[in-house]
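Q: kindly generate the corresponding structure for this input.
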Amino acid sequence: MPRLLPLLLLVACAVDPPVDVDPEPDPPPPLADPLLWLGASANTPTFYETTDVDVVGTAVYTCTGVQSLSIHDASDPNAMQLVNEVRFPNSHNSFPRCSHVIADGTRVIVSSHVDEVQRVPWVALLDATNALEPVTLDDFSDGAARYEEPALLGDTLYLAAHEGGIATFDLSADT
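A: Residues are numbered from 1 along each chain as shown. Got it, this is the predicted structure:
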C-alpha cells in the first residue's frame with residue numbers, strides 16, 4: 001500500500017493538459033460589397049447639378065439646378081439615357097431650377113425652393129402614366145412659402161415650407 005500512495009496522489013492531483021487558445025481568431029469571411037458603383041453612367045450635359053432623384057420602374061427622375069426635371073431611361077443601369085426634360089411655368093427661364101422630386105408610379109411631384117436664381121418657389125404635379133414622358137397636370141406658387149422635400153400619402157401631398165410649417169395639398173381629381 002505505501003507504494004500505491006504516491007501513484008494515487010499523482011492521479012488525484014492530475015491536471016488537464018493546457019488547451020491551446022488562439023488569441024486572435026480567424027476573421028469572418030468577407031461579405032459581398034452592398035454598394036457596387038456602376039460609374040458615371042448617365043448621359044447628361046457637363047454642367048448638370050443634380051439635386052434629387054427618384055425611380056419608378058426604369059424611369060429615373062432627377063431634379064437639377066439648370067435643366068429642371070430630367071428623365072432617364074435606366075433599362076440598362078450601366079448606360080442610362082436622357083430621354084426627356086420637363087420645364088415648369090414658374091421656374092427660371094435661363095436656369096430652370098428643380099430641387100426635389102418624388103414619384104409613386106402614376107404621379108411625379110416636383111418642387112423648387114427660393115435661391116439667388118429661382119426667386120419664386122413652386123410645386124408641380126405630373127401624370128406619369130407614361131413614366132418616360134410625364135405630362136404636367138398642375139403647378140402652384142404663392143410667392144411666399146419656401147417649399148422643400150415633398151412627401152405623398154394617398155392623395156395628400158405634404159411639403160416642408162420652412163417658416164410656413166407644413167404645406168398640405170389635396171391631389172384628388174375633384175379638387
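Q: so who does S112 touch?
A: Applying C-beta atoms under 8 Å, 6 or more residues apart in numbering, we find S112 in contact with 63, 88, 90-91, 97-100, 118, 121-123, 147. The C-beta positions use only the backbone N, C-alpha and C, and glycine is treated the same way.
Q: what about it, distance to T64?
A: With the distance defined as C-beta to C-beta, to the nearest Å, S112 ends up 11 Å from T64.
Q: next one: D26
A: Counting by C-beta to C-beta - D26 and T64 are separated by 49 Å.
Q: just name the shakiest helix or strand of the protein by mean pLDDT.
A: helix 4-12 (a mean of 52; mean pLDDT, DSSP states H and E).
Q: give me the more crowded residue out of D26 and T64.
A: T64 (24 against 6; other C-beta atoms under 10 Å).
Q: the more buried one touches H72, doesn't it?
A: No - between T64 and H72 there is no contact, the gap being 11.3 Å when judged by C-beta atoms under 8 Å.
Q: follow-up on the earlier one: just the buried ones from the contacts of S112?
A: Taking 16 or more other C-beta atoms under 10 Å as the criterion, what is buried in the contacts of S112 is 63, 88, 90-91, 97-100, 118, 121-123, 147.
Q: JSON lines please, covering the residues you listed and showing secondary structure.
A: Shown next, in JSON lines, are the buried ones among the contacts of S112 (DSSP: H, G, I helix; E, B strand; the rest coil):
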{"residue": "C63", "secondary structure": "strand"}
{"residue": "F88", "secondary structure": "coil"}
{"residue": "N90", "secondary structure": "coil"}
{"residue": "S91", "secondary structure": "coil"}
{"residue": "R97", "secondary structure": "coil"}
{"residue": "C98", "secondary structure": "coil"}
{"residue": "S99", "secondary structure": "coil"}
{"residue": "H100", "secondary structure": "strand"}
{"residue": "Q118", "secondary structure": "coil"}
{"residue": "P121", "secondary structure": "coil"}
{"residue": "W122", "secondary structure": "strand"}
{"residue": "V123", "secondary structure": "strand"}
{"residue": "Y147", "secondary structure": "coil"}
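Q: name the residues contacting each of S112 and T64.
A: C98.
Q: could you list the low-pLDDT ranges of this structure?
A: 1-23, 28-48, 92-95, 114-119, 143-145, 173-175 (pLDDT under 70).
Q: how about 80 then?
A: Scanning the chain for pLDDT under 80 picks out the ranges 1-48, 65-67, 89-97, 113-121, 142-148, 162-164, 173-175.
Q: let's have the contacts of S112 in a markdown table, adding distance to T156.
A: What follows is the contacts of S112, written out as a markdown table (distance: C-beta to C-beta, whole Å):
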| residue | distance to T156 |
| --- | --- |
| C63 | 21 |
| F88 | 21 |
| N90 | 22 |
| S91 | 24 |
| R97 | 25 |
| C98 | 22 |
| S99 | 20 |
| H100 | 17 |
| Q118 | 25 |
| P121 | 20 |
| W122 | 19 |
| V123 | 13 |
| Y147 | 15 |
